[in-house]
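> Sequence and computational prediction follow.
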Amino acid sequence: MNSKIVKTTISLTLVLVPAFFWQSVFSGQDEIKFVGAGKCKICHNKAEDGAQFDIWSKANHSNAFEVLGTPEAKETAKKMGIEDAQKSPKCLKCHSTVYNWTEQPVKNIEMKKDGSPRLTVEEGVSCESCHWAGSLYSPKKIMEDYEASVKAGMNQNPQESCVKCHNEESPGWNKEKYTLADGTKVGFDFAQAWEKIKHPNPKLVPIKAARKAADKK
Ligand code: HEC
Ligand code: HEC
Ligand code: HEC
Ligand code: HEC
């Protein structure tokens, strides 16, 4: 390549890349897309790192769409005047990441090369309900840098997502489901519920402890 072309290429890259990055990060949430659990699985399913995908796919959340097809769901829906729970936004808002707590499916879903969406309602309550839409934080370089991941839209407090669904708006809400140490009954208790769905990465334990200590200072 002659040096003029190289120079032009470099300066174009310097102008275009930051402009694009700036735009996609700061022009609002709409630029960030949902990528579905399949993409997270590429990097988060190694046994030595905690196999997050396998754990999720065997627990209730990945089944949250199917459960809307059971006789029990049909009965609940019927009482509420809903014909098909698997098609009703009133149920899907908490049973599918695609609805993301609204009564409209989200539009910002990344597409595969064949034009089909990477996130589907069948996936139920997927990674991105708690960790938030991942198109900007899931690239390897960003993921390896915690601060950068948070800047690119990763939820710093996924613990806080639970009660957006586990609350009394849920038709099956049982306000005495969990018993606290002092005997009080509550509908949801993070510590006990988390034990049933936790998916830690053993390698992150010291890193997360250091982060917590730094936060307290
Ligand atoms: C290209 C590989 C890759 C993809 C794809 C990916 N991740 Fe990661 N992720 C990593 C790496 C590397 C880390 C750093 C820690 C580690 O080694 O596990 C990480 C860390 C994380 C962490 C821990 C952050 C912390 O330190 O507290 C979460 C949560 C996470 N990823 C969620 C996701 C979700 C959700 C998706 C899909 C939307 C996803 N990741 C996609 C590679 C990836
Ligand atoms: C506010 C969020 C929310 C809405 C709206 C919602 N659900 Fe659920 N649903 C949940 C949660 C959370 C659970 C898990 C409950 C538990 O076991 O603590 C659940 C569990 C269920 C179950 C599994 C059985 C059970 O009770 O554990 C069925 C069936 C069900 N929901 C049907 C429906 C139907 C039908 C609709 C629509 C009419 C609906 N849900 C709307 C949050 C919701
Ligand atoms: C987007 C909505 C949503 C969010 C966010 C959510 N859940 Fe759930 N959760 C559900 C639904 C729906 C079910 C029922 C699925 C089924 O029965 O197949 C469920 C079921 C469960 C169950 C099994 C039923 C039970 O109570 O034993 C546990 C445990 C649970 N969730 C824990 C959590 C925790 C912990 C968090 C936060 C880190 C969380 N959930 C966040 C919707 C949600
Ligand atoms: C119901 C909410 C919920 C869902 C669904 C969920 N996660 Fe998480 N995840 C959490 C919470 C909460 C934490 C942090 C727990 C903590 O800090 O103690 C976490 C932590 C992680 C971590 C860091 C591990 C560590 O040691 O803290 C990774 C990586 C991760 N999740 C990946 C995934 C992937 C991949 C999926 C989907 C296949 C997924 N998660 C689905 C709530 C969820």
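Ah, there it is. Ligands and ions are numbered 1, 2, ... in the order given.
> Now do the SS call for the residue most central in space within the chain.
Central residue of the chain (C-alpha atoms, centre = their mean): residue 128, 1.3 Å from the mean position. At residue 128 the chain is in helix, as set by DSSP: H, G, I helix; E, B strand; the rest coil.
> That one is in contact with residue 119, isn't it?
Yes: assessed by C-beta atoms under 8 Å, residue 128 is found in contact with residue 119 at 7.1 Å. Any C-beta I mention is one placed from the backbone N, CA and C, and that applies to glycine too.
> any common contacting residues for the two?
34, 35, 36, 37, 97 (C-beta atoms under 8 Å, 6 or more residues apart in numbering).
> Return the member of those nearest to residue 160.
The shortest gap between residue 160 and any of the shared contacts of residue 128 and residue 119 belongs to residue 97, at 16.2 Å (C-beta to C-beta).
> List phi and psi for the closest one.
phi -60, psi -30 (degrees, to the nearest 10).
> shouldn't it be in contact with residue 128?
Yes: between residue 97 and residue 128 there is a contact under C-beta under 8 Å: 5.4 Å.
> which residues do these two both contact?
In contact with both residue 97 and residue 128: 34, 119, using C-beta under 8 Å, 6+ apart.
> Please, where are all the strands along the protein?
All strands of the chain, identified by DSSP state E, fall at 178-179, 185-186.
> And these: which comes nearest ligand 4?
Comparing those by their distance to ligand 4 (C-beta to the nearest ligand atom), the top pick is strand 178-179, with 15.8 Å.
> Off-centre distance for the closest one?
26 Å (C-alpha atoms, centre = their mean, to the nearest Å).
> partners of that strand in the sheet?
Paired neighbours of strand 178-179 in the sheet (DSSP bridges): strand 185-186 (antiparallel).
> check whether the strand it pairs with contacts ligand 2.
No: looking at strand 185-186 against ligand 2 by C-beta under 6 Å from any ligand atom, there are no contacts, and the closest approach is 11.1 Å.
> Please apply the same query to stretch 130-150.
No: using C-beta under 6 Å from any ligand atom, stretch 130-150 stays clear of ligand 2, with a minimum separation of 12.6 Å.
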